[in-house]
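S.K.: model the following, please.
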Amino acid sequence: MSSTPRRRPKPKLSSPSPSPSSSSSRRSPIALEPPQFMFPSKQELLRLVAVLAISSSVAVACHLLAGFLLRPQARPFCGSGSDPLDSFADDCEPCPSHGECHQGELDCAHGYRKLGRSCVEDGDINETARKLSEWVENHLCAANAQLLCYGTGTAWVPAEEIWKDLDGHQLMKNFGWDTAIFIYTKQKAVEAAGKIMESRTDLSGMKELKCPDSVAELFKPYTCRIRLWIFKHVLLVVPVSLLLVASAVLIWKVRRRWHLSTRVEELYHQVCDILEENALTSKKGNSETEQWVVAARLRDHLLLPKERKDRVLWKKVEELVQEDSRIDRYPKLVKGESKVVWEWQVEGSLSSSRSKKKGEQGKLRFSHGRHSNFDQLSHESKRDLQASPHFINEHKAIHS
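M.R.: Prediction:
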């Protein structure tokens, strides 16, 4: 018979009863220390750092090597004179436009700069060439406009002369003298201007440029345009000008005649007033005033300094005075000189009787005004009496 094994009972070790203070310190987690096997030692840490540094260096080196080996090598450029069809067989890249290739290297032509593996235009050179081209166009068009307006100068300008003019231009000083860029910029400017201008070749083989007449019209001064327009429409301009001049002269004459007649009438009335007043003054007692007035002195007294030069004005006044029957004109010796004098006839003058009538009418108006005021006051007093019965009763009591 198999007997079941019996477990050996573990002996219980009697331990002294801990004190309350020790039991509380063992139970707190701060007082417990971690086991030593959880943290590596100092040697293990150094080994770990060394392994990481070696592995990182190997990874970087492998990446650089793989990039260098796997990157496609740039093919050299084929020569500028080689056939593009043979470039694949020779394992070279065709030379780009505006470039020159020698021994696999690329050199861009003047006016272009290298950008990657191609040649692009240089912005500074193109802008300078554009401004020079505009200057050439203005120069040629101004010369043609001078010829069309005044018949001086020449319209066809040799290209060699234009090249010489460009040498002294301010913009060309930025590129220096006798350089390839300097020549290229001038050539490009002349070529750009030649696309707009007219060109021809003279007998000696020299190229000449000319501004088209349609473009040169825009460069003519305004005085030239007006003169040419008048010559072109002379049959219309001459009659219209004559009509305008005749109208202006007619208007001036009508205005002058109206002004002259108005001024003559004004002077005539002033002469009559002065002569009449002088005659009335001389009739009074103890008056030393003469009845007559020297015509020349009267003229100088009435006319303005600028009007004395106008002989027609005073002549018209003399005609009106001569036609007036109230004024006598006769020569008289004044201070040893013969003078023409004018005298107002007081006897039977209508103006004096007219002044008397005006005085009488003024007196009548004054007396009539006084009577009307008196009647108005009496009427108002009566109305007040009727409106106040108390005042009436008092008045009756006084009389009784």
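S.K.: give me the distance between Val294 and Leu275.
M.R.: 12 Å (CB to CB, to the nearest Å). Yep, even glycine has a C-beta here, placed from its N, CA and C like the rest.
S.K.: which of these two has more neighbours?
M.R.: In terms of neighbours (other CB atoms under 10 Å), Leu275 is the more surrounded of Val294 and Leu275; the figures are 23 against 17.
S.K.: may I have stretch 262-270 exported as CSV, CA atoms only?
M.R.: The C-alpha trace of stretch 262-270 is given here as CSV (Å, rounded to 0.1, in the frame of the first residue of the first chain):
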residue,chain,number,x,y,z
THR,A,262,-23.9,157.8,-75.1
ARG,A,263,-20.9,159.9,-74.1
VAL,A,264,-21.8,162.7,-76.5
GLU,A,265,-25.3,163.0,-75.1
GLU,A,266,-23.9,163.0,-71.5
LEU,A,267,-21.4,165.8,-72.3
TYR,A,268,-24.1,167.8,-74.2
HIS,A,269,-26.4,167.8,-71.1
GLN,A,270,-23.5,168.8,-68.9
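S.K.: show residues contacting that stretch.
M.R.: For stretch 262-270, the surrounding residues in contact (CB atoms under 8 Å, 6 or more residues apart in numbering) are Leu302, Leu303, Glu307, Leu313, Trp314, Lys316, Val317, Leu320, Val321.
S.K.: below-threshold pLDDT in the stretch 51-200 of the chain: ranges please.
M.R.: Applying pLDDT under 70 to the stretch 51-200 of the chain flags residues 68-75, 79-91, 110-111, 172-179.
S.K.: what's the first helix or strand after the longest helix that the chain contains?
M.R.: Longest helix of the chain, by residue count under DSSP state H: helix 234-283. Following helix 234-283 in sequence order, the next helix or strand is strand 292-294 (DSSP states H and E).
S.K.: buried stuff in the helix or strand that that following strand is followed by?
M.R.: Sequence order places helix 295-302 as the next helix or strand after strand 292-294, per DSSP H and E. For helix 295-302, the neighbour count (16 or more other CB atoms under 10 Å) marks Ala295, Leu298, Arg299, Leu302 as buried.
S.K.: let me have these in a markdown table, adding pLDDT as columns.
M.R.: Converted to a markdown table, these look like this (pLDDT from 0 to 100):
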| residue | pLDDT |
| --- | --- |
| Ala295 | 92 |
| Leu298 | 92 |
| Arg299 | 92 |
| Leu302 | 93 |
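S.K.: closest to Arg255 among those?
M.R.: Distance to Arg255 across the buried residues of helix 295-302 (CB to CB) is lowest for Leu302, with 22.4 Å.
S.K.: my guess is the closest one contacts Cys272. True?
M.R.: No. Using CB atoms under 8 Å, Leu302 is not in contact with Cys272; the gap is 11.6 Å.
S.K.: overlap in contacts of those two?
M.R.: Counting by CB under 8 Å, 6+ apart, Leu302 and Cys272 have no common neighbour.
S.K.: can you give me the strands in this structure?
M.R.: In the chain, strands defined by DSSP state E lie at 99-102, 105-108, 112-115, 118-121, 157-158, 198-201, 207-210, 292-294, 327-334, 337-344, listed in chain order.
S.K.: who does the second one pair up with?
M.R.: Using DSSP bridges, strand 105-108 pairs in its sheet with strand 99-102 (antiparallel).
S.K.: hmm, who's touching the partner strand?
M.R.: 77-80, 95, 106-109, 112, 114, 118-119.
S.K.: turn those into JSON lines, columns for distance to Val58 and neighbour count.
M.R.: Listed next are these as JSON lines, based on distance: CB to CB, whole Å; neighbours: other CB atoms under 10 Å:
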{"residue": "Phe77", "distance to Val58": "38", "neighbour count": "23"}
{"residue": "Cys78", "distance to Val58": "41", "neighbour count": "20"}
{"residue": "Gly79", "distance to Val58": "44", "neighbour count": "16"}
{"residue": "Ser80", "distance to Val58": "47", "neighbour count": "13"}
{"residue": "Cys95", "distance to Val58": "43", "neighbour count": "22"}
{"residue": "Leu106", "distance to Val58": "39", "neighbour count": "19"}
{"residue": "Asp107", "distance to Val58": "43", "neighbour count": "14"}
{"residue": "Cys108", "distance to Val58": "44", "neighbour count": "19"}
{"residue": "Ala109", "distance to Val58": "49", "neighbour count": "13"}
{"residue": "Tyr112", "distance to Val58": "47", "neighbour count": "20"}
{"residue": "Lys114", "distance to Val58": "39", "neighbour count": "13"}
{"residue": "Ser118", "distance to Val58": "40", "neighbour count": "13"}
{"residue": "Cys119", "distance to Val58": "44", "neighbour count": "21"}
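S.K.: of all those, which comes closest to Lys253?
M.R.: Tyr112 (78.5 Å).
S.K.: now do the contacts for the spatially closest residue to the closest one that is not a sequence neighbour.
M.R.: Distances taken as CB to CB, 6 or more residues apart in numbering place Cys119 nearest to Tyr112, at 4.2 Å, with adjacent residues excluded. Cys119 is in contact with Pro96, Ser97, His98, Gly99, Leu106, Cys108, Ala109, Tyr112, Arg113, counting by CB under 8 Å, 6+ apart.
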